[in-house]
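K.L.:
Here you go, sequence then predicted model.
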Amino acid sequence: MELETAVRVRIKIDDRSFWWRRSFLGENISNGNWIIALILLLACGGAIHSGWIWAGVGLGVAGLLSIVWNESVAKTSTIVGSWIAAGVASAWLLGMLCDAMFGNPPIGHALGLVIGIVGIIKTID
């Protein structure tokens with residue numbers, strides 16, 4: 001006489017949105033981390049290509065830290081990287097504007113740097 005046992009297999013379906021769904025690298029790395037890291041690393045490449053080496057290094061570090069397993073480090077580096085990107089973009093735009101108006105782009109670059117630093121400080125506080 002054969003004894004048959006039925007084994008019920010439970011398959012958990014991840015029904016969270018794509019942004020919060022876990023990545024293939026681990027439970028704590030969401031797809032949002034990869035998307036933000038990719039954006040920051042692309043901004044890093046653009047900054048380095050245009051000659052903004054220090055901003056590119058900052059964006060690169062923030063982009064690499066955005067994919068770490070610790071969610072709080074990933075969020076913090078994403079915020080800091082976003083402020084660096086905002087500072088670089090505003091420095092570029094203000095540099096063009098100050099060059100057109102006054103013939104002195106370093107004024108705009110300094111203002112963009114101030115925007116990025118103040119944003120980071122306000123976020124930390």
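P.N.:
On my side now, so go ahead. None of these values were measured; they are calculated from a predicted model.
K.L.:
use CA for all of it now, contacts and neighbours both
P.N.:
Noted.
K.L.:
Tell me which helix or strand comes right after the helix or strand hosting Lys75.
P.N.:
In this assignment (DSSP states H and E), Lys75 forms part of helix 71-102. Where DSSP H and E defines the elements, the next helix or strand beyond helix 71-102 is helix 105-124.
K.L.:
what packs against that following helix?
P.N.:
Judged by 3 or more Cα pairs under 8 Å, 6 or more residues apart in numbering; DSSP states H and E, the packing partners of helix 105-124 are helix 71-102.
K.L.:
which stretches of this structure have low pLDDT?
P.N.:
Along the chain, segments meeting pLDDT under 70 span 1-6, 14, 18-20, 22-29, 69-71, 125.
K.L.:
switch to 80 and redo it
P.N.:
Counting by pLDDT under 80, the chain contains low-confidence ranges at 1-33, 64-78, 81, 123-125.
K.L.:
Distance from the helix holding Lys75 to the middle of the chain?
P.N.:
Mean-position distance between helix 71-102 and its chain equals 12 Å (Cα atoms, centre = their mean, to the nearest Å).
K.L.:
so what does it touch, helix or strand wise?
P.N.:
On a contact count with 3+ Cα pairs under 8 Å, 6+ apart, helix 71-102 meets helix 31-49, helix 53-65, helix 105-124.
K.L.:
Recalculate using a threshold of 7 Å.
P.N.:
Judged by 3 or more Cα pairs under 7 Å, 6 or more residues apart in numbering; DSSP states H and E, helix 71-102 is in contact with helix 53-65, helix 105-124.
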